[in-house]
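A.B. asks: sequence first, predicted coordinates after that:
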Amino acid sequence: MFGFKKKQGPTIGVEINSDSISLMQLEKTRVGIEVIRFACLPAPANTVREGLVTDPQAVGAVIMSLLEDSGIPASGPMPTMNMSIPAQSAVIRLMPVPTGMPPDELAEVVTQEATNHVPFPINDANLDWSLMPATERTDPDGVRRVDVILAAVQRSIIETCWRTADSAGVRLGRVEVSSLSAIRGLALSGHDSPDKVSMVVNIRQDATDINIVRSAMPLFGRSVIIGIETLTEAVSRSLEVDFDQALDLLPEISLFGRPPKDDRSGQAAQVARTIFSDITDELERSLEFYESQVGDVRVDEIVLTGPGCMLQNLDQYVSSRMGHKAAYGNAMKDLVFDETLVVERMQPILASLVGSSIDPVWNPTFTVDLDLNKEGRLPHLFDERKTQVLDEERELPPWFRPGLAAGAAILVLAFLAWSYLVYLELPGKSQEAEGLSNKIVEAKHDLTKISSLKTTNAHLDTRRKVLTYLINKSRRWSPYLRVIAENTPRDVQIE
């Protein structure tokens, strides 16, 4: 009525990896898109596996610490958390459809096609899809077509995201695929040209996402289960050190053009080249498969992003292996931020986080925005599966039992007071009111009688006055009338 609106909390992006959890908040200001908050903390051991959260409470506690470290007050409005899930956990398909289809008909076609492509029950899936205008074309049969990108994920994965958000004290916002959020983040830094075809390689902890992209739209994509965890385990075995020591050693490894500083670094570099040789082989296979579908494709640039960019001279190594120009994809290149907050070597790692943090409408070009949480949290009645248990049993706070006893006592007192009023006080008052009502009726009856007597007395008084007048006026004639009456025969009637 008065135009008051509830104040909304900040929107943040959160990236969850097996080694770290990062938070970022962006705002659009007069000077551009600005990094308002950024924080990063190590992930607890065994809480994230293959890119998916396995311990929502532990991960939620870390996110809560990130909120505190970045200056977001716990007492303020609830923040909204956007996040991404690993591409290999989702089903992503491109489907050609005729252009100009009505939205309701298009939605029906896409849903029907999803039942043919999704390898799990469609009722147990979260879906989203989007048209990709850059793919519009005329087929050999003369029909104008455009590609629709469809993403599907098991609902239990989204429920785990909700449980993580609950533990962190935030509301879950968008949930998207890591490869698509990385492409959106890179679109901010100029990797959205309609005239260029790029291969975006997002080297994550648990896997590597490979996408062939034009105009910030994925024309082809796949994920291979080779990532930084694979490299770290190989270095750990080769050098006979533990996993954490091997992980700390990775930023010192140079893949190309620089001699190792010692034998240990040389051995680690050789292991790294073996792993990245496997990755570049997968890049070549992906390109060959895509060309077998659409014909010859000229890749203008290979864009590298993700945690794998921590290794030195990765771009030169990939370029020499693939025969294509390779460069780091720095999604923060055109953002406004304190360079002491995010060091230069870390910036190419954050493309997916930037993509989750940004509002899609801020992007200068169209990007694919799939939200696997667009339906919100759905109820699962009578479902006892572990993924549907929203919260585990917690220890009761010390005030709970006394408070419960006090509440029960107040409830009993209220019931006794109600019983007294209903069964004792109110019946007596009801009888008293009924007696007063009867007396009022009798009084009304007496008043009616008194009014009738008053009217009768008024009539009698009037008659009395008439008779008195007649008697007083007729006294002088009475002797004559008496004589006449006495002398008149009985049979004669005088008029």
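C.D. replies: Structure received.
A.B. asks: do a quick rundown of the strands in the stretch 251-400 of the chain.
C.D. replies: With DSSP state E, counting those that start in this stretch as the criterion, the stretch 251-400 of the chain has strands at 301-305, 326-328.
A.B. asks: and the ones you listed, which is most packed in?
C.D. replies: The highest mean neighbour count among these, using mean count of other CB atoms under 10 Å, belongs to strand 301-305: a mean of 24. From N, CA and C alone the C-beta is placed, and that goes for glycine too.
A.B. asks: in its sheet, what does that one sit against?
C.D. replies: Paired with strand 301-305 in the same sheet, following DSSP bridges, are strand 198-203 (parallel), strand 326-328 (parallel).
A.B. asks: how about the longest one: buried residues?
C.D. replies: What it means is strand 198-203. By neighbour count with 16 or more other CB atoms under 10 Å, strand 198-203 contains the buried residues Ser198, Met199, Val200, Val201, Asn202, Ile203.
A.B. asks: hmm, Met217 and the third one touching each other?
C.D. replies: No: with contact taken as CB atoms under 8 Å, Val200 and Met217 are classed as non-touching, separated by 11.1 Å.
A.B. asks: joint contacts of these two?
C.D. replies: Residues within reach of Val200 and of Met217 at once, by CB atoms under 8 Å, 6 or more residues apart in numbering, are Ile183.
A.B. asks: helices of the stretch 251-400 of the chain, start to end?
C.D. replies: Here the stretch 251-400 of the chain has its helices, by DSSP state H, counting those that start in this stretch, at 263-294, 314-322, 351-357, 400-420.
A.B. asks: and those helices, which one's lowest on average pLDDT?
C.D. replies: Sorting the helices of the stretch 251-400 of the chain by mean pLDDT places helix 400-420 lowest, at a mean of 85.
A.B. asks: quick revisit: mind checking which of the strands paired with strand 301-305 is nearest Lys439?
C.D. replies: Between Lys439 and those, the tightest spacing by CB to CB is seen for strand 198-203, at 92.9 Å.
A.B. asks: now that closest one, how far from the centre of its chain.
C.D. replies: Here strand 198-203 is found 29 Å from its chain centre; the criterion is CA atoms, centre = their mean, to the nearest Å.
A.B. asks: hmm, back to that, could you dump the strands of the stretch 251-400 of the chain to TSV with distance to Ala43?
C.D. replies: Shown next, in TSV, are these (distance: least, CB to CB, whole Å):
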stretch	distance to Ala43
strand 301-305	20
strand 326-328	24
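A.B. asks: closest to Ser356 out of the ones you listed?
C.D. replies: Closest of those to Ser356 is strand 301-305, at 13.4 Å (criterion: CB to CB).
A.B. asks: so where's the stretch 101-250 of the chain uncertain?
C.D. replies: For the stretch 101-250 of the chain, no stretch has pLDDT under 70.
A.B. asks: how about 80 then?
C.D. replies: The stretch 101-250 of the chain contains residues with pLDDT under 80 at 191-194.
A.B. asks: most centrally placed residue in the chain?
C.D. replies: In the chain, the centroid-proximal residue (CA atoms, centre = their mean) is Gly173; its distance is 3.8 Å.
A.B. asks: and that residue, what helix or strand is that in?
C.D. replies: Element membership for Gly173 (DSSP states H and E) is strand 171-177.
A.B. asks: next SSE downstream of that strand?
C.D. replies: Next element after strand 171-177 (DSSP H and E): helix 178-187.
A.B. asks: from the chain's centre, how far out does that following helix sit?
C.D. replies: From the chain centre to the centre of helix 178-187 is a distance of 20 Å (CA atoms, centre = their mean).
A.B. asks: dump that helix to PDB, restricted to CA.
C.D. replies: Provided in PDB are the C-alpha atoms of helix 178-187 (Å, rounded to 0.1, in the frame of the first residue of the first chain):
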ATOM      1  CA  SER A 178      30.500 -25.300 -14.700                       C
ATOM      2  CA  SER A 179      31.500 -25.200 -18.400                       C
ATOM      3  CA  LEU A 180      28.600 -22.800 -19.300                       C
ATOM      4  CA  SER A 181      29.300 -20.500 -16.400                       C
ATOM      5  CA  ALA A 182      33.000 -20.300 -17.500                       C
ATOM      6  CA  ILE A 183      31.900 -19.400 -21.000                       C
ATOM      7  CA  ARG A 184      29.700 -16.600 -19.600                       C
ATOM      8  CA  GLY A 185      32.500 -15.300 -17.500                       C
ATOM      9  CA  LEU A 186      34.900 -15.200 -20.500                       C
ATOM     10  CA  ALA A 187      32.300 -13.300 -22.500                       C
END
